[in-house]
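Student: How does the following fold in three dimensions:
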Amino acid sequence: MPSNVSTRVKKRRDSLRAAGLRPVQIWVPDTRLPGFAEECRRQSAVVAQADVGDPDLHGFMDAALADMDLTEE
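Tutor: Next up is the predicted model:
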């Protein structure tokens with residue numbers, strides 16, 4: 001016989017599926033691993049260097065931001 005908790009979980013998952021949703025498992029980097037912060041710095045430096053190499057990027061980003069509707073409803 002299923003436990004009370006597993007019955008509630010199944011009911012909740014069934015209702016979410018009935019609402020058109022599906023469960024998704026997402027794997028993300030483990031921020032606790034040694035070297036994580038250094039890898040973040042390395043990747044940030046690569047992106048920053050790429051930004052320097054593209055003089056039109058800053059204007060493009062400003063134009064994209066201006067196009068966004070930032071008002072809250």
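
Student: same question for stretch 60-67, mean pLDDT?
Tutor: The average of the pLDDT scores along stretch 60-67 is 88.

Student: on contacts alone, who are the packing partners of the longest helix seen in the chain?
Tutor: Of all the segments assigned as helix in the chain under DSSP state H, the longest by residue count is helix 36-52. Under the contact criterion of 3 or more CB pairs under 8 Å, 6 or more residues apart in numbering; DSSP states H and E, the helices and strands touching helix 36-52 comprise an empty set. C-beta here means a position set from N, CA and C on the backbone, and glycine is covered the same way.

Student: pLDDT of it, averaged?
Tutor: Averaging pLDDT along helix 36-52 gives 93.

Student: How about R13, nearest residue that isn't a chain neighbour?
Tutor: When the adjacent residues along the chain are set aside, R13 lies closest to P23, with 7.1 Å between them (CB to CB, 6 or more residues apart in numbering).

Student: these two touch, right, the one you found and R12?
Tutor: No - because the distance of 11.0 Å does not satisfy CB atoms under 8 Å, P23 is recorded as not touching R12.

Student: Neighbour count: the two, which is higher?
Tutor: Counted by other CB atoms under 10 Å, P23 and R12 do not tie: R12 has more neighbours, with 10 against 7.

Student: Got phi/psi on that one?
Tutor: For R12, the backbone dihedrals are phi -60, psi -40 (criterion: degrees, to the nearest 10).

Student: again with Q25
Tutor: Per-residue torsions, Q25: phi -100, psi 130 (degrees, to the nearest 10).

Student: Check G53 too.
Tutor: Backbone dihedrals for G53, given as degrees, to the nearest 10, come out at phi -80, psi -10.

Student: what about it, neighbour count?
Tutor: 8.

Student: which residues touch Q25?
Tutor: When the contact criterion is CB atoms under 8 Å, 6 or more residues apart in numbering, Q25 has no partners at all.

Student: Next one: A50 from S44, what distance?
Tutor: Using CB to CB, to the nearest Å, we find A50 at a distance of 11 Å from S44.

Student: now swap in H58 and tell me
Tutor: When distance is defined by CB to CB, H58 is 17 Å away from S44.
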